[in-house]
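this is the structure alone, sequence omitted:
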């Protein structure tokens, strides 16, 4: 590298830029050390750990009951999924059956949560691309409606603590279902509006087409999951490939783009847009099929216990495969926790995708992978 | 009917209020400095010193009015932008300070003025301070020639009327780039440096289509003088440069002849200089007038159409180049928030930042007013004069004149020509600003290399082609100029 | 009143113009001295913009509005900015480093910096002063016939006519030269781009 | 190629125009934001806001039975309960209940385990304050008024608690010992002062008014602070935090004559610095010195 620059008649110095953790566009506290040749990235390194909170250790020092409340802070945009992963692992261990109504409610709220997560991604991604003032407000507007619904059943807008081991916390009122149904009716129109503004916008196409291509092999090597993987051509979606809960009863499609050379950032965008529509369809079906019945099968008490043994389960979170591995020794506290976070694996591949792209594309690429920093650092 | 009617109403109220708040002081100050004080000084038998003072005051009127205008206008534009963006994003916008948020930007300005003025360690302090000044100064003296153009060449502003007006404005508009590079370099910050370099690269590339489009308009008009260009376009929308640079003027005249409206005898330079064509003694019929303006029958009609198309392209080119020149979205790369934190003004705070902010909005206004003067006929009424004459406006005008005549004749308080010119200019300019805000609310940002590609590979060839086409098409049609 | 008349006469007289000329000339000269004496090469680039601005002021005094504005637009802003950017990109660090690597014939700014160094050492200063006086004497000795008639307030037309009739050949030559320079620049830029590819192939 | 370029240019213009039109059309829709302090949107009844202690909406008696379930389950350890076993009734009696809202993460676990639905999440989210210390809410600030409790019991669909069986009125005269009487009077006093800062956003505006008026009452309460000292002197050292206990603002001892059975709340009664308080102050000085020695030792 050194000989390169000196032998050239006009040498340009390489610049090392520290992007983050206080940079406005690094989605939290990610620090990226970039080596730049002019505006071209020659080397990129993500420095993580600024938000490390020892979630696994915390879990081992709290009771099951307490840890349920903590866990949706791991990935604050899709708390339902982390709760669900924990609950499912514990249920696998404990052997407790979940009532069917609870399963339906779980699917409804987690698909709602998938929509909110994708909507937030959509808004912030457009901010990353420079549409600062207009468009980003529209997804947030729809997200607010869903958050209101969350607030009604779970008590809070992001830290739900709704899905519990053995069921769900609260049965929503009939009015709640009506409102949700109204939302699912109007939401596809809103998605049409987003698409009218963004999808075929020539500047947006220029910024995203052919940028940050992720070949399938590379993605598989790094363990990338979720929409980023599906945009590259693999149809891994745990809802279909390893069906859990009531997903086998539902009719839905896993969107995959057949891209032999690998998906670019636009593919990841369009895939998430399609998932927005698909999740709405799933919610509609669930609303039609939801039976009456109990919602909880395990007593939620402070000293709740789970049978001894090892359990693993994974759910398909908006960012990919979210796995939870637990060892219980039969006491009221879990013995060992291990989380398999999708963001961690997805972030790892970003460094490879960045090399050779200009500064402006860093955010286009990094944003398109949809990384949540607390999920990376745990 | 419209669920958002109250908010739209509030925005309109804010616009009306602020336009009054902008133009009342400007007009009062310029009247006081340019008319009242000299009049008082020259009463009776004035001494020479008094005459000299009066003359100096008259000469200083344009610059004083601009100095009064710029800060108030920038304040309004910030609020206008924020409220309009709020409308687009189904929000309310600033509504706390003052009624409906009228004083929001005033409060913000006061806050900025009282903030600490920080010079970062390792920065070149002199250059760091000089940069905002250089950025701001051209927006004051660059706007001066426009004053004469938008006030119907009012006698007070004639002093700023330069024979190379548009060129002067362009030269002034190219200066802020130096300031951006200076700010970026002297801040001792890598993001700032990259922002400054981007600003320079972008401005140099986009100045070419910008200048070429304006040069083409000057070619249509046959003059570099903005006042001349503005005056040429008098007489309704068909005479404006947007309608083919006067390619429809013949149609306008022909309609007037058909309607039997008293028309001014037309004297075009082409006719007088062309020896083959004998000057026609006032054509009387529709066909004759058409033939006089479109001498080559079918070819002329086609070229008139081409001219109209070209002038729309030129306006588009100009607006694109201007957007890039003043760093508006989608060309706001020098201060790309998600990439370069805030680009060249990352390290600025307090009043220096306020000056950068102020100058950006002033530049937006100036760019819009250039577009107004060059393409939309300056202070001209869009309704053609013959149509106005048909309308029953006579009694209204008379009664208004009777009321206002003491002010007009005695105190020179209102000049009807200037007033209506100013009204239309304001309307057109803020329409352009509204379009800029709408674009800001919709489009994402370009990438720097795409920006360069777009500038050099699309806009520059397009502007050259438009230039050539206009040169040839113009021969076949008798335009103004 | 008399004083005022005197003042008014003076302001519109040729003397005032001369005085203004000297003011602008002194400004231009002092700024140019600043350009070569400033140790920071980027700052001297910015000062160069000031020099060009002062020269455009001289053009304005000669009633050549168009030329003055072109001077500002093209030289002061366009070209100098490009030079400054080139300096920034090639080596943003100070010139001290460049002095150490004196044998380096490739880096452009080294030559410029060396020039400044030698100028500060004093030997070329003598040459510069000598040549300045030579040119000055040459200008003074020539008998220039002043053009008494005023060209026009709007001299764009005059300029255009001159360029397309009397001076059309030199004008065309100049454009050919510029074209050659443009192509040369493109070739240089392309050559630079090819180089790393070859080297990486060697690796 | 050429036609392709022009076609693409027109396509781009069409798309951009479509986007601009969509954005422009949005300006005719009703805004979704609200002018917040003027209009507060409806908050779901189960919203997990500021924690509070409810009273029986019918009788006004405090529901807390000092079982310490919430203290145990809290993942953040932000609840601190001070209670002692009453010598007369042999039952736990609440002395103080402190929640550090700066530490609380509003998970709502304490409300789930509470056997008497005493501790609840209110709809109040406006709890910004100037110091961290003022985020520590004590019993007086936590306890809701009867009306507020009624509102939450209805909104949250909670079963209304049965009134407690009337306790045997203790024959102990107030003169028997100022300190135990003061201690017993603690919950009563807490009830007497309307819960400060308890502003359920959805509740009627006049519900918030008494809370506002309670603010000035806080200052005299501070003055009455030392009154806690004698109380602590008689108390067994089960809650071995004397320094903190001394810091408790307790206006309860201003009404030492009140008996435990007396449940008539008098919100309008302002605490005044009675002679007893002054006495207590005098007593307190040596006590504090002793405390300091204890700590050092």
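All right, it came through fine. Values in this document were obtained by computation on a predicted structure and should not be read as measured data. Numbering: from 1, shown residues only, chains lettered A, B, ... in the order given.

for the rest of this, base every contact and every neighbour count on C-alpha atoms.
OK.

who are the packing partners of the longest helix anywhere in chain A?
Longest helix of chain A, by residue count under DSSP state H: helix A:100-128. Where contact means 3 or more Cα pairs under 8 Å, 6 or more residues apart in numbering or on different chains; DSSP states H and E, helix A:100-128 is packed against helix A:79-94, helix A:137-154, strand A:167-168, helix A:265-289, helix A:359-369, helix B:337-340.

where in chain D is pLDDT low?
Within chain D, the set of residues satisfying pLDDT under 70 comprises D:1-3, D:163-297.

nearest to chain D, out of the helices and strands packed on helix A:100-128?
Nearest to chain D among the helices and strands packed on helix A:100-128 is helix A:137-154 (5.0 Å), distances taken as Cα to the nearest Cα.

is chain D contacted by whichever helix or strand comes after the closest one?
For helix A:137-154, the following helix or strand on the C-terminal side (DSSP states H and E) is strand A:163-164. No - judged by Cα under 8 Å from any Cα of the partner chain, strand A:163-164 makes no contact with chain D; its nearest approach is 12.1 Å.

and the helix or strand residue A:192 falls within, what other elements does it pack with?
Residue A:192 belongs to helix A:174-197 when assigned by DSSP H and E. Judged by 3+ Cα pairs under 8 Å, 6+ apart, the packing partners of helix A:174-197 are helix A:137-154, helix A:265-289, helix D:2-26.

of these, which is nearest residue C:28?
When those are ranked by proximity to residue C:28, the top entry is helix D:2-26, at 48.3 Å, counting by Cα to Cα.

need the contact partners of the closest one.
Contact with helix D:2-26 is made by A:134-135, A:193, A:196-198, A:200-202, B:87-90, B:438-439, B:441-443, as judged by Cα atoms under 8 Å, 6 or more residues apart in numbering or on different chains.

inside strands: which ones of the residues you listed?
Under the assignment DSSP state E, the contacts of helix D:2-26 contribute nothing to strands.

report the buried members of the residues you listed.
A:134-135, A:193, A:196-198, A:200-202, B:87-90, B:438-439, B:441-443 (16 or more other Cα atoms under 10 Å in any protein chain shown).

which residues of the stretch 101-250 of chain D lie near chain A?
Residues of the stretch 101-250 of chain D lying near chain A (Cα under 8 Å from any Cα): D:107, D:109, D:113.

run the last query once more with 6 Å
residue D:107 (Cα under 6 Å from any Cα of the partner chain).

which parts of the lengthiest strand in chain D are buried?
Secondary structure of chain D per DSSP E: the longest strand is strand D:92-100. By 16+ other Cα under 10 Å, the buried positions in strand D:92-100 come out as D:93, D:94, D:95, D:96, D:97, D:98, D:99, D:100.

poorly predicted segments of chain C, please.
Along chain C, segments meeting pLDDT under 70 span C:1-13, C:89-112, C:114-121, C:123-124, C:142-154, C:189-203.

try it again with 50
For chain C, the stretches flagged by pLDDT under 50 are C:1, C:92, C:94-106, C:193-203.

quick one, domains of it?
Residue ranges for each domain of chain C read C:2-151, C:167-203, as given by automatic domain parsing.

rewinding a little: got a markdown table for the helices and strands packed on helix A:174-197, with distance to residue A:87 too?
Formatted as a markdown table, the helices and strands packed on helix A:174-197 follow (distance: least, Cα to Cα, whole Å):
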| stretch | distance to residue A:87 |
| --- | --- |
| helix A:137-154 | 16 |
| helix A:265-289 | 20 |
| helix D:2-26 | 42 |
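
re the thing from before, angle of the helix holding residue A:192 against helix A:137-154?
Using axes from the mean of the first three to the mean of the last three Cα atoms, to 10 degrees, the direction of helix A:174-197 lies 160 degrees away from that of helix A:137-154.

show me what helix A:174-197 is in contact with.
A:280, D:19 (Cα atoms under 6 Å, 6 or more residues apart in numbering or on different chains).

do I have it right that residue D:101 meets residue D:135?
Yes - Residue D:101 is within contact range of residue D:135, at 5.3 Å (criterion: Cα atoms under 6 Å).

residue contacts, the residue positioned nearest the centre of chain B?
Closest residue to the average C-alpha location of chain B: residue B:369 at 0.6 Å, with Cα atoms, centre = their mean. Contact analysis of residue B:369 by Cα under 6 Å, 6+ apart lists residue B:429.

please enumerate the helices of the stretch 51-200 of chain D.
Residue ranges of the helices in the stretch 51-200 of chain D, as given by DSSP state H, counting those that start in this stretch, are D:69-73, D:109-113, D:139-142, D:146-155, D:178-192.

any idea how far residue C:162 is from residue C:62?
Residue C:162 is 17 Å from residue C:62, where distance means Cα to Cα, to the nearest Å.

whoops, I mixed them up, residue D:137
For residue D:137, the distance to residue C:62 (Cα to Cα) stands at 81 Å.

so those two - more neighbours on which side?
Under the criterion of other Cα atoms under 10 Å in any protein chain shown, the comparison of residue D:137 against residue C:62 puts residue D:137 first, with 21 against 13.

pretty sure that one is touching residue D:99, no?
Yes - shown here, residue D:137 and residue D:99 form a contact pair, counting by Cα under 6 Å, at 5.3 Å.

any idea which helix or strand comes after the helix or strand harbouring residue C:56?
Using DSSP H and E, residue C:56 sits in helix C:41-61. Helices and strands here follow DSSP H and E; after helix C:41-61, the next one along the chain is helix C:65-70.

what helices or strands is that following helix leaning on?
Counting contacts by 3 or more Cα pairs under 6 Å, 6 or more residues apart in numbering or on different chains; DSSP states H and E, helix C:65-70 packs against helix C:41-61.

mind doing that once more with 10 Å?
For helix C:65-70, the packing partners by 3 or more Cα pairs under 10 Å, 6 or more residues apart in numbering or on different chains; DSSP states H and E come out as helix B:165-174, helix C:41-61, helix C:155-164.

which one of these lies closest to residue B:26?
Comparing the helices and strands packed on helix C:65-70 by their distance to residue B:26 (Cα to Cα), the top pick is helix B:165-174, with 21.3 Å.

does chain C sit close to that closest one?
Yes - using Cα under 10 Å from any Cα of the partner chain, helix B:165-174 reaches chain C at B:165, B:167, B:168, B:169, B:170, B:171, B:172, B:173, B:174.

what is the burial count for the fifth one?
Neighbouring residues of residue B:170 were enumerated by other Cα under 10 Å; the total is 21.

pretty sure it contacts residue C:69?
Yes - counting by Cα atoms under 10 Å, residue B:170 touches residue C:69, with 8.7 Å between them.

give me the distance between the residue nearest to residue A:61 when sequence neighbours are not counted and residue D:111.
Nearest residue to residue A:61, sequence neighbours excluded (Cα to Cα, 6 or more residues apart in numbering or on different chains): residue A:333, at 6.9 Å. Per Cα to Cα, residue A:333 is found 21 Å from residue D:111.

got the angle for whichever strand or helix holds residue B:429 vs helix D:2-26?
Here residue B:429, judged by DSSP H and E, is contained in helix B:416-440. On the basis of the same axes, to 10 degrees, helix B:416-440 is oriented at 100 degrees to helix D:2-26.

what's the closest of the residues of helix B:165-174 next to chain C to chain C?
residue B:171 (5.0 Å).

how many residues are close by the residue nearest to the closest one when sequence neighbours are not counted?
Excluding the flanking residues, the one nearest residue B:171 by Cα to Cα, 6+ apart is residue C:73, at 5.0 Å. Neighbour count of residue C:73, defined by other Cα under 10 Å: 24.

that's all I had, so thanks and see you.
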